[in-house]
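Engineer: Here's a sequence, model it:
(chains A and B)
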Amino acid sequence: MAAEDKFRHEEDLFCPGHRACPGCGAAIACKLVTEATGPNTIMAMPTGCMEVTTTPFPESAWGISWIHNVFENAAAIAAGFETAYKAFSKRGKEGYMDYDDVNFVAMGGDGATFDIGIRSLSGMLERGHDVLYICYDNEAYMNTGIQRSGSTPLGASTTTSPSGKVSFGEDVHKKDMPRIVAAHGVEYVATANIAYPNDFQDKIEKALEIEGPKYIQVFAPCPRGWRNEARDVVKIGRLGVETALHPIYEMENGEITEVQKIKERKPVEEYLKLQGRFKHLFKMEGGEEIIQEIQRVADRNAEIFGLDE
Amino acid sequence: MKNEANIVIGGKAGDGIRAAGEVLGEIFNRHGLFTFVREDYQSLIRGGHNYSQIRASSDRVWSQYSPADVVVAMDERSIDNHEDRLGEDDKLIFDSDKVDYDGEAGRPMPLSSMVEKEEGIEVMRNSVAIGAIAHLYGLDLGIVEGVMEKNYGKKAEKNVLLAEKGYEYSEENFEKVIEIEFPEDKEIVPFLTGNQAISLGASKAGLDMYIAYPMTPSTSILHFTANYRDELGLTVVQPENEIGVINMALGSAYAGARSMVGTSGGGFALMQEALSMSGISETPLLIIECQRAGPSTGVPTYTSQADLKFALNSAHGEFPSIVLAPGDPAEAYYRAGEALNLAWIHQIPVILLSDKHLSESRMSIEIDFDGVSPEAEKRAESPGEDYKRYRFTEDGISPLARPGTSDAMVKVTSYEHDEYGYTTEDPEGIVAMQDKRKRKWEGIEEDVKNRNPLKVHGEDDSKDLILAWGSTKGAVLEAMEILDFPVKFVQPIYLKPFPSEKVLEHIESAERAICVEANSTGQLADLIRKEVLEDVDERILKYDMRPFDPPELAERLREAFK
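Structural biologist: Predicted coordinates for the structure are as follows:
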């Protein structure tokens, strides 16, 4: 692609001019998703940053059919339109595209996926709808003011898990959502990272070839909530992988089939120190122990996924 | 000219507009003026248009006020949106580094370069503006400094410096708006939001646990209680959704903890099934429903009074409950405490309605913090193994026991049950238990009657009657000041049980009765018709999801009473 073509936006399905913060990882994810799914896509999106920032008239960013429903319902809405299409296609109802030519996608943040929407997600997975569910994971509720979610990692300070004199921030570990999804018998589960766009898009394309439910969780740093410089977003994304805190892998039928290896694993401090949400760990008494605990998470990931080259 | 300041600061989300409103409001409050601050912000993270309305006066203020004497515009849109608030001699301060404006009111200030010169960051333009405002009204820079230090902590130093620069610039270039007179040796009154008042009032009445899921405009209760949980003696939990919230609260209340949940209409909708469980199991619960503009996501950061019927008729099946709606932060403080007490005394769910306007606007108001205290519930003395959780009593209230104490076996079920809490499908048993719960109504009505369920403002002899509820109170009181004829204003604070006798008396003695509400159908007016079999003469309604503004409301009232 010629350089100037890279900056043309006429064909974009996720258009510039939306209201996400500079450096928003989730917005990068949306752009990558629509590029990979193409125009024959119907997307359900629950409440969250990407819904809030992409819809105020006249800056609507979506070039595909798109429906928002309240927080807990994206997977159910997607299951609904997928079922209708399937039924209409079967009955030969006029005016509808062929069921096989349409991509049914639900895309929500970690709060909508790990917490409030897990029931409808579980139901959709269990019933086997042909829906690709993508979770953009920025590890807290950002658009309502940075409250903790089930995805918030140990030690992160949020408004509802604030660090202070005696508190080191979030006091429990992040929920292992991909494994929960895989436990539903889902054929394809993968993690991705906005810092590795080609890998993410390859996974979307691969997932869409599979009939039935599939899940991709894309790691999407948030400068506002993580209190990092916008320019560091990709760097933090990479460090997430290079420290083994956020491994990139594929699971097929419950088995890990592919991992992104790490040449020289970096200590977690390198990842933590770029983010204001972990700042207190380097200052407060006992902070070091929490950092060690976070290092143990990374070590365990490296072992489970066989990350070290 | 009134000894009053009316200021609007506008800019994009991320320009520190809310912080400026909060800080300025506190500065005026500390000068001994009655202050009201309303934040208008959109449901987005960056960009768009936000503004704060700040009003301060030596007379009591209850509401924001549309005219302004100073508008501060951080961007062009703020000029477009707010210049028509200004009258002759009023001032529009704008960032001349970013915007061109040649209107007569224009007062250019190079906010951006002033911040840059002191190596500040862009958001600190608001502090330069605060400094300029301090000069325009003759405020005390020492107080400005004090408030900034309290609110900004370590970042205060630079903000204070920029405020001083703003003050100097304004002194050199602009004439003052008014030299405000500050009441001497006046006690500084609390300056707080409805949500802060609710948190404090419930805590004072013995709240043990606050459980909630983030939802505007209730979220600030979660932030406030999480932040001050040690000082308030609270446990604060944020579960996975509102279904988790209310069921956790049922669990903690069952275990003996005074528990409160907070949400807005959408979250309250999710809680309905569990609310019914609270009803049949007689598990006490306080629910704070901060209304916002629906239906569904609606206009999520704006205000509305459209959930009254929903609250009155919430959940399936029949069981006693209470619905009440305070109208200002002081009432929010007393009534939240009262609501918590009532829930435990009568072992019922109590729903306290607020809305964005009450929950998030800040105002100066006197509060007697000792006006709330825990009132004891009926407890079983030595429950033991034979404990009957649903023992039949004359007033229908059965003594409570905590599971796991004094060998108490406490059986609770969502099924209809006998006195022990065992499931029953026996027709006589069902009727007996339904009747027991129904008997509680009498005690509830009697109790509420003695707690000033409605307030009367204005001229008691007037034949012109206004009826309004919740946060609309503020605009009505202010509109009454503007009107040149006396009116009476009746504010029902309890909506269920409804103070029917009193309301009927007022309607019967009036020539014209008018309901003022922030919804599109007139839900209080409908309730009045149902409860007292009288129609009000007119409904003044507003449903652009912005709160009533006093001058506009006064005009509509003048028309309606003609």
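
Engineer: For chain B, give me the ranges with low pLDDT.
Structural biologist: Scanning chain B for pLDDT under 70 picks out the ranges B:1, B:406.

Engineer: any low-confidence regions in chain A?
Structural biologist: Under the criterion of pLDDT under 70, the regions of chain A flagged as low confidence span A:1-7.

Engineer: now the strands for it?
Structural biologist: Listed in chain order, the strands of chain A (DSSP state E) span A:41-46, A:65-69, A:103-109, A:132-137, A:188-193, A:214-219, A:249-252, A:255-259.

Engineer: any idea which residue of chain B is furthest from its center?
Structural biologist: The centre of chain B is farthest from one residue, residue B:426, which by Cα atoms, centre = their mean lies 45.3 Å away.

Engineer: what residues are up against the closest residue to it other than its chain neighbours?
Structural biologist: Leaving aside its sequence neighbours, residue B:426 sits nearest to residue B:418 (Cβ to Cβ, 6 or more residues apart in numbering or on different chains; 8.0 Å). Every residue, glycine included, has its C-beta placed from N, CA and C. Contacts for residue B:418 were tallied using Cβ atoms under 8 Å, 6 or more residues apart in numbering or on different chains; they are B:390, B:424, B:426, B:429, B:433.

Engineer: distance of residue B:418 from chain A?
Structural biologist: Look at residue B:418 and chain A: by Cβ to the nearest Cβ, to the nearest Å, they are 33 Å apart.

Engineer: Among the contacts of residue B:418, which pair sits farthest apart?
Structural biologist: Pairwise distances across the contacts of residue B:418 peak at 14.1 Å for B:390 and B:426 (criterion: Cβ to Cβ).

Engineer: Identify each buried residue in stretch A:73-91, please.
Structural biologist: A:73-82, A:85-86, A:89 (16 or more other Cβ atoms under 10 Å in any protein chain shown).

Engineer: quick one: it near chain B?
Structural biologist: No: contact between stretch A:73-91 and chain B, assessed by Cβ under 8 Å from any Cβ of the partner chain, is absent, since the two come no nearer than 10.8 Å.

Engineer: How many residues are close by the residue in the stretch 151-300 of chain A that chain B sits nearest to?
Structural biologist: Closest approach of the stretch 151-300 of chain A to chain B (Cβ to the nearest Cβ) occurs at residue A:160, with a separation of 4.8 Å. Around residue A:160 there are 25 other residues, counting by other Cβ atoms under 10 Å in any protein chain shown.

Engineer: Now do the helices in the stretch 351-500 of chain B.
Structural biologist: Remark: helices assigned in the stretch 351-500 of chain B by DSSP state H, counting those that start in this stretch are B:356-360, B:427-449, B:472-482, B:500-509.

Engineer: Counting by contacts, list what the third one packs against.
Structural biologist: Right, the one you point to is helix B:472-482. strand B:454-458, strand B:464-468, strand B:488-492, strand B:512-517, helix B:550-560 (3 or more Cβ pairs under 8 Å, 6 or more residues apart in numbering or on different chains; DSSP states H and E).

Engineer: Buried deepest among those, which one?
Structural biologist: For the helices and strands packed on helix B:472-482, the largest average neighbour count (mean count of other Cβ atoms under 10 Å in any protein chain shown) is found in strand B:464-468, namely a mean of 25.

Engineer: Name every strand pairing with that strand and say which way it goes.
Structural biologist: Strands that pair with strand B:464-468, judged by DSSP bridges, come out as strand B:488-492 (parallel), strand B:512-517 (parallel).

Engineer: any idea how far the residue nearest the centre of chain A lies from residue A:45?
Structural biologist: Residue closest to the average C-alpha location in chain A (Cα atoms, centre = their mean): residue A:136, at 2.0 Å. When distances are taken as Cβ to Cβ, to the nearest Å, residue A:136 and residue A:45 turn out to be 10 Å apart.

Engineer: So for the two, which residues contact both of them?
Structural biologist: For the pair residue A:136 and residue A:45, residues contacting each of them under the criterion Cβ under 8 Å, 6+ apart are A:107, A:108.
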